[in-house]
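Student: what shape does this take:
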Amino acid sequence: MNTLYKKGVVLALAFAGLMAVDAKAQLAITTLSSTETIDFQSFDGSGFAATPAAGQLDSDTWDIQGFNSAGDLARGASSGGVTTGGVYSFDVGGGNNTLGFQPGGSDFTPGTATLTIQNTTGFTVNSWNFGYDLWVFNDQGRANSFNWEWSTDNVSFNSLSTYTSVEVADGAPAWNNVQNNTANGIAASVANNGFIYLRWAGDDVSGGGSRDEFGIDNVTVTAVPEPSSFALISMGMGLLYLLRRKRK
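Tutor: Predicted coordinates:
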């Protein structure tokens with residue numbers, strides 16, 4: 001058996017094994033070029049736990065900082081118009097749930113929400129595509145920032161996009177999809193079983209009184225394959241198919 005054939009068999013078996021492995025606590029990216037999406041439809045605002053119950057989010061996947069108490073992290077469901085600081089499931093219209101944030105005097109001012117992503121593709125990934133939708137309910141006379149960032153060490157972060165809500169409140173407040181963010185070809189080397197992080201950071205900017213509400217939706221993550229890796233995967237899958245055929 002030549003060396004190239006052996007590599008193909010190993011890759012095929014590794015790929016098959018990855019498909020059978022349960023997802024880890026972090027958002028696990030198991031397949032190159034496949035897009036993982038978090039739409040928060042099952043999130044009901046009941047908080048975070050290492051072993052999440054129905055309606056909760058995984059606390060190993062999401063790290064929320066900047067709130068005063070555990071109760072702030074489980075404010076429940078709302079369609080907007082709240083003023084109590086905390087994390088909500090905001091329905092931004094038509095039953096579309098989001099991961100929602102209501103900043104307060106000492107809540108999320110400043111604050112962060114960090115998504116931990118693990119590379120379990122079996123390859124080092126050097127390029128990433130990210131995306132998410134930002135919803136805002138501008139019902140208060142204060143401007144707040146809500147910025148999007150990435151990191152490979154969860155310490156030093158790089159900007160992906162910035163946003164500051166309008167200081168003057170809308171006369172008839174309603175949820176607005178203010179940004180459909182995409183960041184393609186982010187050059188970040190993440191070894192197999194390594195991590196990359198997405199973070200949303202908020203703070204007061206100007207104005208006074210209560211603050212607007214923010215909702216994160218449709219977070220997407222794609223590990224972009226290098227041409228050589230993609231070719232090897234294709235060869236490995238072809239060899240796996242042939243091996244299975246021979247066994248019949």
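
Student: helices and strands around the longest strand along the chain, which ones?
Tutor: Determined from DSSP state E, the single longest strand within the chain is strand 175-190. When contacts are defined as 3 or more Cβ pairs under 8 Å, 6 or more residues apart in numbering; DSSP states H and E, strand 175-190 sits against strand 125-137, strand 142-151, strand 158-161. To be clear about C-beta, it is placed using only N, CA and C from the backbone, and glycine gets the same treatment.

Student: the first one - contacts with which helices or strands?
Tutor: What it means is strand 125-137. By 3+ Cβ pairs under 8 Å, 6+ apart, strand 125-137 packs against strand 142-151, strand 175-190, strand 195-207, strand 213-224.

Student: for the residue nearest to Gly185 when sequence neighbours are not counted, name its beta-bridge partners.
Tutor: Closest residue to Gly185 apart from its sequence neighbours, by Cβ to Cβ, 6 or more residues apart in numbering: Ser127 at 5.6 Å. Under DSSP bridges, the beta-bridge partners of Ser127 are Ala187, Val224.

Student: with Ser151 instead?
Tutor: Applying DSSP bridges, one finds that Ser151 bridges with Tyr197.

Student: check contacts around it.
Tutor: Phe157, Asn158, Ile196, Tyr197, Arg199 (Cβ atoms under 8 Å, 6 or more residues apart in numbering).

Student: at 7 Å instead, please
Tutor: The contact partners of Ser151, by Cβ atoms under 7 Å, 6 or more residues apart in numbering, come to Phe157, Asn158, Tyr197, Arg199.

Student: which one among these gets closest to Phe108?
Tutor: Nearest to Phe108, judged by Cβ to Cβ, of those is Arg199 at 12.8 Å.

Student: which PyMOL command selects the buried ones in the contacts of Ser151?
Tutor: Entered in PyMOL, the line below selects the buried ones among those, by 16 or more other Cβ atoms under 10 Å:
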select buried, resi 157+197+199
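
Student: and which of the contacts of Ser151 is nearest to Ala191?
Tutor: Tyr197 (14.7 Å).
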